[in-house]
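Enquirer: Give me a model of this one.
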Amino acid sequence: MIKEACIGSIKEALLVQKNGANRIELCDNLEEGGTTPSYGTIKKCIDLLNIPIACMIRPRVGNFTYTKEEIEVMIEDIKVCKQLGVESVVFGVLKEDNTLDIENMKILCEVAKPLNIVFHKAIDETRNPLDLVDTLYSLGVNRILTSGTKNTAIEGSDIINSLIEKCRDKITIVAAGKVTKDNLEYLSNLLHTDQFHGKKIV
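Expert: Below is the predicted model of the structure:
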C-alpha cells in the first residue's frame, strides 16, 4: 500500500516520513486547497527525504481555470521541479464550464515529461470523470487523485471504483477525501486501489 501524505512544510515532511508515509504531496497554502510550494521548500525536501515527492503545481487558490500568464507560471514551476528532481508534478486545468482544458493540459504535460504526471482533484469538478480517462491517458497522465466527485472517499467510493476499473492498465487511481490512519483499513477493503492520499494518513 502507498500512503501519500499531503503536507505543507519541511517540518511536516520529516514527521510523516518518520511515521511511515511512502510518498508526500508537497504544497503551500494547504488550508485553501494547496498551491505550489517555494523553491527552498522543494529543495530541502529533496535533500532530506528518502521517499518520493509529488509537487503541487497551482499558481493560486480558487478555480482551475487559468489565464495565459498563469499557465506560463506553471510551466516555469514545472521546469524547477524537473531541475530539482521531484518524482511527480500534480496539476489540473479546466475550462470555465468545468470541462477539461485539453490544449493547456497538453502544453503542461509535454513540459513535465518524463516526470510522473498526476491529475489532481480538479477531476472531481467535472461532470463525468469517467469520460476523461482516455484523454488523460493519451496526454501522458500517470495518476489521478480523486474522491469520486464527493467530499469523502467513502461517499465517492462507487465512482472511485468505476474509475479504477476504467483506468486499469492505464492510469493509477489515488483515493483521497478525508482519508486518515483511522479509516485506512476500511477504505482499503472498500476501494480496489492500493494508493491513498490524506493530510492525516499517518
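Enquirer: same for the helix ranked longest in the chain, what does it pack against?
Expert: As assigned by DSSP state H, the longest helix anywhere in the chain is helix 68-84. Using 3 or more CB pairs under 8 Å, 6 or more residues apart in numbering; DSSP states H and E, the elements in contact with helix 68-84 are helix 39-48, strand 88-91, helix 102-112. Any C-beta I mention is one placed from the backbone N, CA and C, and that applies to glycine too.
Enquirer: now with 6 Å?
Expert: helix 39-48, helix 102-112 (3 or more CB pairs under 6 Å, 6 or more residues apart in numbering; DSSP states H and E).
Enquirer: Please identify the most buried of those helices.
Expert: helix 102-112 (a mean of 18; mean count of other CB atoms under 10 Å).
Enquirer: Can I get that helix in CSV, CA atoms only?
Expert: What follows is helix 102-112 as a C-alpha-only set of coordinates in CSV (Å, rounded to 0.1, in the frame of the first residue of the first chain):
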residue,chain,number,x,y,z
ILE,A,102,-7.0,19.8,-23.3
GLU,A,103,-4.9,22.5,-25.0
ASN,A,104,-3.3,23.7,-21.9
MET,A,105,-3.0,20.3,-20.3
LYS,A,106,-1.1,19.1,-23.4
ILE,A,107,1.3,22.0,-23.1
LEU,A,108,1.9,21.3,-19.4
CYS,A,109,2.2,17.6,-19.8
GLU,A,110,4.8,18.0,-22.6
VAL,A,111,6.9,20.3,-20.3
ALA,A,112,6.5,17.8,-17.4
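Enquirer: export the longest helix of the chain as PDB, just CAs?
Expert: Extracted in PDB, the C-alpha atoms of helix 68-84 (Å, rounded to 0.1, in the frame of the first residue of the first chain):
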ATOM      1  CA  LYS A  68      -2.200  32.500 -20.300                       C
ATOM      2  CA  GLU A  69       0.100  34.200 -17.800                       C
ATOM      3  CA  GLU A  70      -0.800  31.700 -15.100                       C
ATOM      4  CA  ILE A  71      -0.100  28.800 -17.400                       C
ATOM      5  CA  GLU A  72       3.300  30.300 -18.100                       C
ATOM      6  CA  VAL A  73       3.900  30.500 -14.300                       C
ATOM      7  CA  MET A  74       3.000  26.700 -14.100                       C
ATOM      8  CA  ILE A  75       5.400  25.900 -16.900                       C
ATOM      9  CA  GLU A  76       8.300  27.700 -15.100                       C
ATOM     10  CA  ASP A  77       7.400  25.900 -11.800                       C
ATOM     11  CA  ILE A  78       7.400  22.500 -13.600                       C
ATOM     12  CA  LYS A  79      10.800  23.300 -15.000                       C
ATOM     13  CA  VAL A  80      12.100  24.000 -11.500                       C
ATOM     14  CA  CYS A  81      10.600  20.700 -10.300                       C
ATOM     15  CA  LYS A  82      12.400  18.800 -13.100                       C
ATOM     16  CA  GLN A  83      15.700  20.500 -12.300                       C
ATOM     17  CA  LEU A  84      15.400  19.700  -8.600                       C
END
